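# Have a look at this prediction, sequence included:
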Amino acid sequence: MSDVSIPALTYSNIPGESGGLAALALQLQVERYNNLQDQVRDEFDDMQKRNDWLKNANSALAALRANRPADDKKVQGYGTFVDAQGNTQNVHQWMLANGIAIEQNKNDTAGVQSEFDSAISNLKGRVDTVNSESQMALIRLQSLMDKVNHCVELATNLLAKDGKAKEIILGNIR
């Protein structure tokens with residue numbers, strides 16, 4: 001987002017007469033700017049959550065790969081990983097909590113090679129889906145940022161035109 005910030009502007013402190021057309025138009029632009037700014041913040045929050053989830057998913061994927069048994073008969077624990085907040089997570093429980101299919105053996109925190117392969121494949125599929133969602137979110141964010149910039153530009157133009165009109169009127173009075 002740009003360094004321009006207009007959060008303090010409200011209808012009550014818009015320069016000029018409170019009933020003038022320029023002031024009313026500016027009021028609408030300020031409202032629109034504030035609404036867009038809230039939407040941009042929400043997009044940034046969603047992106048951060050998605051990035052944290054992807055970090056966790058990549059860590060879980062690394063744990064699955066590291067713990068995958070080399071022998072197709074051996075039962076091995078799915079392992080643990082440290083999440084984006086620094087907490088240790090059980091891979092099996094994390095995958096279940098995130099709705100990612102993971103096969104269960106007699107011991108629900110362990111599996112054989114084929115179950116690891118299936119879990120890795122399922123997790124990769126979800127990571128691909130979330131990456132696609134991230135790309136769409138970036139496009140939405142870019143669109144919102146363009147709207148914010150356009151809103152600021154329009155407000156600036158309104159103020160400049162109103163100022164010029166007042167200067168012309170004052171010049172004509174003199």
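That came through fine.
# So which bits of stretch 57-69 are buried?
A57, S59, A60, L61, A63, L64, N67, R68, P69 (16 or more other CB atoms under 10 Å). Every C-beta, even on glycine, is put in place using the N, C-alpha and C of the backbone.
# Grab the most central residue of the protein for me.
M47 (2.2 Å; CA atoms, centre = their mean).
# quick one: that one and M136 touch, right?
No. The pair M47 / M136 is not scored as a contact, 11.1 Å apart, by CB atoms under 8 Å.
# what about the spatially closest residue to L138 that is not a sequence neighbour, distance to L123?
Nearest in space to L138, with sequence neighbours left out and distances taken as CB to CB, 6 or more residues apart in numbering, is M47 at 7.8 Å. Distance from M47 to L123, counting by CB to CB, to the nearest Å: 21 Å.
# What helices and strands are in contact with whichever helix in the chain runs longest?
Criterion DSSP state H: the longest helix present in the chain is helix 113-173. Packing partners of helix 113-173 (3 or more CB pairs under 8 Å, 6 or more residues apart in numbering; DSSP states H and E): helix 21-67, helix 91-97.
# 7 Å instead?
Packing contacts for helix 113-173, counted by 3 or more CB pairs under 7 Å, 6 or more residues apart in numbering; DSSP states H and E, involve helix 21-67.
# Report the mean per-residue pLDDT for the helix it packs on.
What helix 21-67 shows for mean pLDDT is 92.
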